[in-house]
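K.L.:
Fold the following.
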Amino acid sequence: MKRIVSLFIVFVLCFAALAAAGAETAMVLTPIDAMDMRLGQCMVPQGYTMYPVPDFSGSSRSLTDPLGLGVIVTSPDGRVVMAYEKSSTYLEIVSSTIGGRTYRVHEDGKFDVETMTPMARYQQPAAYAQSYLNGAFPGVEMTYTGSIDLSRYQPLLQQSAQNFYDTLKASQGVTVGMNIDGVALTADICGFSCEMNGEAYFIVVGTVIRALQMTMSMQQLQGMLSETEVIWSPLCTYMLASPASEFETVFPAFEAFMENTTISDQFYRANQKLADELRNIVVQSRGGYIDTILKNYTSEDDTYDEERFTDYIFDQNDYTLSDGTHVKIPTSYDYVYEGDNNVVYFSDSAFPEPGTQLSPNR
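P.N.:
Residues are numbered from 1 along each chain as shown. Predicted structure coming up:
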């Protein structure tokens, strides 16, 4: 049966792309290694090349999220690109006064020295996706073609936001003059069209953004200090850039890439450990702690239990490979096989068996 992929085919048809029926997709589960350390894992189309992009310098990153990591995956001819980017944290100063006079001023792109966080206005996922593409493809004119309807996943997003809010309130205790106003969690998968190197392209960006608003009011020598801030994070971002002529064939592989590309729990803990250390040192000393902290945490056995963006927006089955590794495949694919060398094949219709057929975990 032909599977309908709710994405876009130019702005005229707006999200009506059909994945090729019966064509199997071969993916390789690939470790994300850098600096002789295991930082995560991703699922890469067979024959593609994966490049990790670690950011351990701490430059332009917040105190609370000092370690960055991205992944770039390219097809053999370089015309198809998939990308992943780990979370980053930004600050918007909504208002700040002391004694009725302006105290701190929001300046996009600047670094707030009090909170040690880069400043940027809070963006919804679609606006952030556009900003992300402006950085990834400078000078390329993008046409926004629409978004997938994720309304049926909204209850999951709301529940996750509420859980985060409850955790923050519980850990905060009673802090005089400070209040957590609320938490929002929004997700989107956006489509864009453009032209690159004389060829029509379709681009998909999926992201989920968490935002926390806080207010503070306390008496200072200069008068009453009143501030409202929004601390927001794109928890993770996934991108597919494909020639329009190949988009229909490539998109199933991108789904598997999104569902299986993630950072290890050990890396997240190393990130938190470094953030804790940085609270006690000046920002210029960041780099000296990173190697030790990463090696201490990534030497443990790798686990991948942290929340994933795709847990909210895809119907997926979990499968266990022969070595005990877990992979996630969309429920619309009924035929999943494990081949040699960590290659996983899947299709929506039967095809010559390349290995051992897998059954979903229940």
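K.L.:
packing partners for the helix or strand residue 97 falls within?
P.N.:
For residue 97, the enclosing helix or strand under DSSP states H and E is strand 90-98. On a contact count with 3 or more C-beta pairs under 8 Å, 6 or more residues apart in numbering; DSSP states H and E, strand 90-98 meets strand 117-118, strand 223-243. In this view, the C-beta of every residue, glycine as well, is placed from N, C-alpha and C.
K.L.:
Tell me which of those strands lies nearest to residue 40.
P.N.:
strand 223-243 (10.8 Å; C-beta to C-beta).
K.L.:
which of the residues in the helix or strand just after the closest one are buried?
P.N.:
For strand 223-243, the following helix or strand on the C-terminal side (DSSP H and E) is helix 247-260. Residues of helix 247-260 classed as buried: 247-248, 250-260 (neighbour count, 16 or more other C-beta atoms under 10 Å).
K.L.:
which regions of this structure sit below the pLDDT cut-off?
P.N.:
Low-confidence regions of the chain, defined by pLDDT under 70, span residues 1-23, 57-60, 172-176, 279-314.
K.L.:
Residue nearest the middle of it, spatially speaking?
P.N.:
Of all residues in the chain, the one closest to the mean position by C-alpha atoms, centre = their mean is residue 236, 1.2 Å from it.
K.L.:
Please name the bridge partners of that residue.
P.N.:
Under the criterion DSSP bridges, residue 236 forms beta bridges with residue 86, residue 208.
K.L.:
Quick check: it touching residue 88?
P.N.:
No: under the criterion of C-beta atoms under 8 Å, residue 236 makes no contact with residue 88, lying 9.7 Å away.
K.L.:
Next, count neighbours for residue 156.
P.N.:
Counted with other C-beta atoms under 10 Å, the neighbours of residue 156 add up to 15.
K.L.:
Residue 50: which of the buried residues of helix 247-260 is nearest?
P.N.:
Distances from residue 50 to those, taken as C-beta to C-beta, are shortest for residue 257 (9.8 Å).
K.L.:
ok, that closest one touching residue 82?
P.N.:
Yes: the criterion here is C-beta under 8 Å, and residue 257 meets it with residue 82 at 5.2 Å.
K.L.:
between these two, what contacts are shared?
P.N.:
Shared contacts of residue 257 and residue 82, defined by C-beta atoms under 8 Å, 6 or more residues apart in numbering, are found at 73, 238, 240.
K.L.:
was I right about the second one contacting residue 86?
P.N.:
No: the pair residue 238 / residue 86 is not scored as a contact, 11.1 Å apart, by C-beta under 8 Å.
K.L.:
okay, and the common contacts of the two?
P.N.:
Counting by C-beta under 8 Å, 6+ apart, residue 238 and residue 86 have no shared contacts at all.
K.L.:
which stretches of the stretch 101-250 of the chain form strands?
P.N.:
101-102, 111-112, 117-118, 143-147, 178-196, 199-220, 223-243 (DSSP state E, counting those that start in this stretch).
K.L.:
now for the ones you listed, which one comes closest to residue 345?
P.N.:
Among those, the nearest to residue 345 by C-beta to C-beta is strand 223-243 (19.8 Å).
K.L.:
ok, the residue nearest to residue 347 when sequence neighbours are not counted - contacts?
P.N.:
In space, residue 347 comes closest to residue 24 once its chain neighbours are excluded; the distance is 4.0 Å by C-beta to C-beta, 6 or more residues apart in numbering. Residue 24 makes contacts with 335, 345-347, 351, 354, as judged by C-beta under 8 Å, 6+ apart.
K.L.:
which residues pair with residue 330 across the strands?
P.N.:
Beta-bridge pairing of residue 330, defined through DSSP bridges, involves residue 316.
K.L.:
Just list the residues touching the closest residue to residue 67 other than its chain neighbours, thanks.
P.N.:
The shortest distance from residue 67 to any non-neighbouring residue, by C-beta to C-beta, 6+ apart, is to residue 271 (4.4 Å). Contact partners of residue 271, counting by C-beta under 8 Å, 6+ apart, are 65-67.
K.L.:
Tell me the one of these nearest residue 54?
P.N.:
Distances from residue 54 to the contacts of residue 271, taken as C-beta to C-beta, are shortest for residue 67 (8.0 Å).
K.L.:
Could you count how many residues lie near that closest one?
P.N.:
Each residue near residue 67 was counted by other C-beta under 10 Å, and the total is 25.
K.L.:
if I look at it, how far off is residue 203?
P.N.:
To residue 203, residue 67 is 27 Å away according to C-beta to C-beta, to the nearest Å.
K.L.:
what do you get for residue 214?
P.N.:
From residue 214 over to residue 203 (counting by C-beta to C-beta), the distance is 35 Å.
K.L.:
still on that earlier bit, orientation of the strand holding residue 97 relative to strand 199-220 in degrees?
P.N.:
30 degrees (axes from the mean of the first three to the mean of the last three C-alpha atoms, to 10 degrees).
K.L.:
Show me what counts as buried in strand 90-98.
P.N.:
Judged by neighbour count using 16+ other C-beta under 10 Å, the buried positions of strand 90-98 are 90-93, 96, 98.
K.L.:
what is the orientation angle of that strand with strand 223-243?
P.N.:
In terms of direction (the same axes, to 10 degrees), strand 90-98 departs from strand 223-243 by 160 degrees.
K.L.:
hmm, who's touching strand 90-98?
P.N.:
Strand 90-98 is contacted from outside by 62, 102-106, 112, 115, 117-122, 213, 220, 222-233, using C-beta under 8 Å, 6+ apart.
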